[in-house]
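1. Generate a structure from the sequence data that follows.
(one chain, ligands or ions: 1)
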Amino acid sequence: MADIRINMHSDTQSRPTPGMKEAMMAAELGDEQSMTDPTTIRLGETVAELLGKEAAVLMPSGTMCNIAAIAVHCRTGDEIICDRTSHIINAESGALAMFGAMVRPLDGRNGIYGPDQLEEAIRPSRRHAPRSRLVEVEQTSNAGGGTVWPLETVRAVAEVAKKHGLALHMDGARLMNAVVATGVPAGHQAAPFDSVWIDLSKGLGCPIGGVLAGSTEFIHEIWRWKQRLGGAMRQSGVIAAAGLYALENHVDRMAEDHANARVFAERVANLPGISVDLDTVQTNMIFFDVSRSGISAPAMQMGLEERGVRITAVSQRRLRAVTHLDVSSADVEEAADAVRAVLEEMPGDAPGHAETRPARSEQVL
Ligand SMILES: Cc1ncc(COP(=O)(O)O)c(C=O)c1O
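-> Here you go, the predicted model:
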């Protein structure tokens, strides 16, 4: 297999920078489980302050942040209302089912639903029906295209949820991308939510971790789940130090990732047989459809890999490219050139190559 020089599979693919590694090496360490790791404590305090919450806790992954939060919010038969594209439905191995929670998926636009849709989905209290319990928002929406929930929509949805006594959870895997894209501070975006987390291992460029925030009482309950799920750590300061470094040094620079994503999107949108909904390119992701080219998305992925570029097919028709701190402005130009080269060199109309039916499900990581 060819060497991958430009890895746009996901923003999880970046490697820790030299500065981050130094911070990790220098971290003051203790024991997280007995609350004596000073660096982890500092990260929790920093993120709690950033998100305007009373407390926050480091978790090994964003998935564990979602699972633990849902475990605290929901009981058997409770219903979670979220967009149908959301990570908690499609990419967490059915974890919701561990707590007997049900899902009410909404048909949002590019991963973003509105207050009226929410209002309609909330069930009246009847003993025959599941209890509407939790409203979830994914900022930014991954499968929606890295799209940003506007603050007004977040607030309007939260108002409906609160009117009906529902809890609110934000999957903020890429909340900091939304902050950079809009200039709206994280605390404003997180304000209506009972629980919210940010991922350290995506645009922030850390090797591992997510930080989940909420009230003191909520985080107290989360600690039980962290322990239960095997997420309680020891010298976790090495991870926390990377997180603190990233929050200081890697937030503003995400504007470069967004600019690079736009350049890549505009370049591939101009290629024959490629469609890109440029309106959805708001942060660091680009979904593009190759079905009109006569080349399937997996074939495009293979052709790109042979040219040292990794961009992943999420269905027979569509691929997703993601920019991050290891993808430069020259890289996105080269990647777009590689897409052009594959189009020029591959036999587009080979039988069975192009799949034009809508994808039943897409894989997003
Ligand atoms: C929107 C969203 N939520 C949650 C996760 C899970 O995060 P992690 O990979 O840290 O478990 C991801 C990962 O891609 C994601 O995109």
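2. In the stretch 1-150 of the chain, what residue comes closest to the ligand?
-> Closest to the ligand within the stretch 1-150 of the chain is residue 62: 2.7 Å, counting by Cβ to the nearest ligand atom. Any C-beta I mention is one placed from the backbone N, CA and C, and that applies to glycine too.
3. Can you tell me how far that residue is from residue 344?
-> Computed as Cβ to Cβ, to the nearest Å, the residue 62 to residue 344 distance reads 39 Å.
4. Which residue of those two possesses the greater neighbour count?
-> residue 62 (25 against 10; other Cβ atoms under 10 Å).
5. residue contacts, the residue of the stretch 1-150 of the chain closest to the ligand?
-> 171, 173, 197, 199, 201, 202, 210 (Cβ atoms under 8 Å, 6 or more residues apart in numbering).
6. Repeat that for residue 274.
-> 268, 288, 289, 290, 292, 293, 339, 343.
7. For ChimeraX, write the selection for the buried entries among the residues you listed.
-> Here is the ChimeraX selection string for the buried members of the contacts of residue 274, based on 16 or more other Cβ atoms under 10 Å:
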select :268,288,289,290,293,339,343
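8. and the lengthiest strand in the chain with the ligand, contact?
-> Using DSSP state E, we find that the single longest strand of the chain is strand 131-138. Yes. Judged by Cβ under 6 Å from any ligand atom, strand 131-138 comes into contact with the ligand through residue 138.
9. Tell me if I'm right that residue 166 and residue 135 touch.
-> Yes. Counting by Cβ atoms under 8 Å, residue 166 does reach residue 135; the two are 5.2 Å apart.
10. intersection of neighbour lists for those two?
-> Shared contacts of residue 166 and residue 135 (Cβ under 8 Å, 6+ apart): residue 81.
11. So between those two, which is more surrounded?
-> It is residue 135, of residue 166 and residue 135, that has more neighbours when counted by other Cβ under 10 Å, with 29 against 23.
12. residues near the residue lying closest to the more buried one once chain neighbours are set aside, how many?
-> If the residues on either side of it in the chain are set aside, residue 135 comes closest to residue 161, at 4.2 Å by Cβ to Cβ, 6 or more residues apart in numbering. For residue 161, the count of nearby residues is 26 (other Cβ under 10 Å).
13. can you check residue 11 too?
-> By other Cβ under 10 Å, 29 other residues sit near residue 11.
14. try the one 4 residues further on
-> Look at residue 15: counted by other Cβ under 10 Å, it has 13 neighbours.
15. again with residue 330
-> Neighbour tally, residue 330, other Cβ under 10 Å: 10.
16. elements contacting the helix or strand harbouring it?
-> In this assignment (DSSP states H and E), residue 330 forms part of helix 329-345. Applying 3 or more Cβ pairs under 8 Å, 6 or more residues apart in numbering; DSSP states H and E, we find helix 329-345 packed against strand 6-7, helix 254-269, helix 297-306, strand 309-310.
17. Within the sheet, what are the partner strands of the last one, with directions?
-> Here strand 309-310 has these sheet partners by DSSP bridges: strand 6-7 (parallel).
18. got the contact list for the partner strand?
-> Residues outside strand 6-7 that contact it (Cβ under 8 Å, 6+ apart): 13, 308, 309, 310, 326, 327, 331, 334, 335, 338.
19. Now do the helices in the stretch 151-300 of the chain.
-> Secondary structure of the stretch 151-300 of the chain by DSSP state H, counting those that start in this stretch: the helices cover 151-163, 175-182, 186-190, 216-228, 237-249, 254-269, 297-306.
20. right, and those helices - which one's nearest the ligand?
-> The closest of the helices of the stretch 151-300 of the chain to the ligand is helix 175-182. By Cβ to the nearest ligand atom, the value is 9.8 Å.
21. Which neighbouring elements make contact with the closest one?
-> helix 186-190, strand 195-199, helix 254-269.
22. Show me which of these has the highest average neighbour count.
-> strand 195-199 (a mean of 29; mean count of other Cβ atoms under 10 Å).
23. and that strand with the ligand, contact?
-> Yes. Contact of strand 195-199 with the ligand (Cβ under 6 Å from any ligand atom) involves residue 199.
24. Provide the strand pairings for that strand, with the direction of each partner.
-> Here strand 195-199 has these sheet partners by DSSP bridges: strand 167-172 (parallel), strand 210-214 (antiparallel).
25. Tabulate the ones you listed (a markdown table), appending mean pLDDT.
-> Shown next, in a markdown table, are the strands paired with strand 195-199 (pLDDT from 0 to 100):
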| stretch | mean pLDDT |
| --- | --- |
| strand 167-172 | 98 |
| strand 210-214 | 98 |
